[in-house]
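Asker: missing the sequence, but the structure's below:
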């Protein structure tokens with residue numbers, strides 16, 4: 001049974017300040033919770049709505065087999081914990097990983113520059129995971145990757161990623177000393193169809209409204225663009241990420 005103080009504590013995890021203080025993040029939905037249980041992340045607690053318990057028999061059995069605490073709550077309590085209005089009826093609270101060590105042999109590295117929309121962030125994470133690109137560098141100004149909306153959009157992919165937060169232009173220069181070249185997406189860049197990636201690369205995906213920062217543009221080794229018909233304001237950054245990731249995947253850039 002969850003006491004009043006525990007309910008308050010776990011309800012607060014939706015807010016970044018308290019996520020960071022407790023080192024715990026919220027996962028909603030059966031698929032994502034199951035992904036978390038099967039991952040290397042420690043699960044602190046699973047909460048399910050009493051009347052929906054039969055829908056999650058297999059997931060709950062798996063959790064209990066691993067010694068994970070599972071608690072049933074009434075709908076009124078569940079609504080205080082869930083981040084969505086029409087939640088599936090099951091939540092998981094997982095421990096954030098310790099600071100990851102960057103794998104400087106991996107390529108490509110994905111550098112996300114001021115991506116502040118949770119839906120875009122989660123979709124980029126999910127797409128990178130699909131193609132097997134799991135080292136994610138995050139600039140200052142990015143939305144929190146443990147924001148519940150990001151976690152939902154990532155559909156469990158966040159459990160397989162290594163996130164490196166607060167990476168600055170200066171940090172990128174240091175990483176490049178390990179043999180990486182920087183590739184940015186810019187309107188005056190080389191056509192993506194003509195881009196032939198080689199060696200270790202860092203792909204920069206920037207905020208679609210503001211474009212590449214001048215400092216980043218100045219240290220880029222290669223600039224690419226995705227061709228298209230004129231007229232649209234800009235290509236959504238998550239869509240652009242998918243196109244670029246597929247190009248890298250099909251040309252054998254993954255290492």
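Answerer: Ah, there it is. Treat the numbers as computed from the prediction; the structure is a model and nothing was measured.
Asker: got a list of what residue 162 touches?
Answerer: Residues in contact with residue 162 (Cβ atoms under 8 Å, 6 or more residues apart in numbering) are 100, 102-103, 134-136. C-beta: built from backbone N, CA, C; applies to glycine.
Asker: try residue 102
Answerer: By Cβ under 8 Å, 6+ apart, residue 102 lies in contact with 109, 135, 137, 162, 164, 175.
Asker: quick one: it is in a helix?
Answerer: No. Checked against DSSP: H, G, I helix; E, B strand; the rest coil, residue 102 lies outside a helix; its state is coil.
Asker: for residue 109, see how far away it is.
Answerer: Separation of residue 102 from residue 109 (Cβ to Cβ, to the nearest Å) stands at 8 Å.
Asker: which residues do those two both contact?
Answerer: Residues touching both residue 102 and residue 109 (Cβ under 8 Å, 6+ apart) are 135, 137, 175.
Asker: who does the second one bridge with?
Answerer: With beta bridges defined as DSSP bridges, residue 137 has these partners: residue 111, residue 164.
Asker: ok, it to residue 64 distance?
Answerer: Residue 137 sits 37 Å away from residue 64, taking Cβ to Cβ as the criterion.
Asker: ok, these two, which is more surrounded?
Answerer: Neighbour tally, residue 137 and residue 64, criterion other Cβ atoms under 10 Å: the higher count belongs to residue 137, 23 against 12.
Asker: let me see the ranges of the helices in the protein.
Answerer: With DSSP state H, the ranges of helices along the chain come out as 4-11, 16-22, 30-38, 57-65, 75-81, 118-130, 148-154, 169-176, 214-219, 237-250.
Asker: so how far is the last one from its chain's centroid?
Answerer: When distances are taken as Cα atoms, centre = their mean, to the nearest Å, helix 237-250 is centred 16 Å away from the chain's centroid.
Asker: that older thread, now, among the contacts of residue 102, which is nearest to residue 251?
Answerer: Nearest to residue 251 among these: residue 109, at 16.2 Å, using Cβ to Cβ.
Asker: residue 185 contacts residue 222, correct?
Answerer: No. Under the criterion of Cβ atoms under 8 Å, residue 185 makes no contact with residue 222, lying 10.1 Å away.
Asker: quick one: which of these two has more around it?
Answerer: Neighbours per residue (other Cβ under 10 Å) separate residue 185 from residue 222, with residue 185 holding more: 25 against 15.
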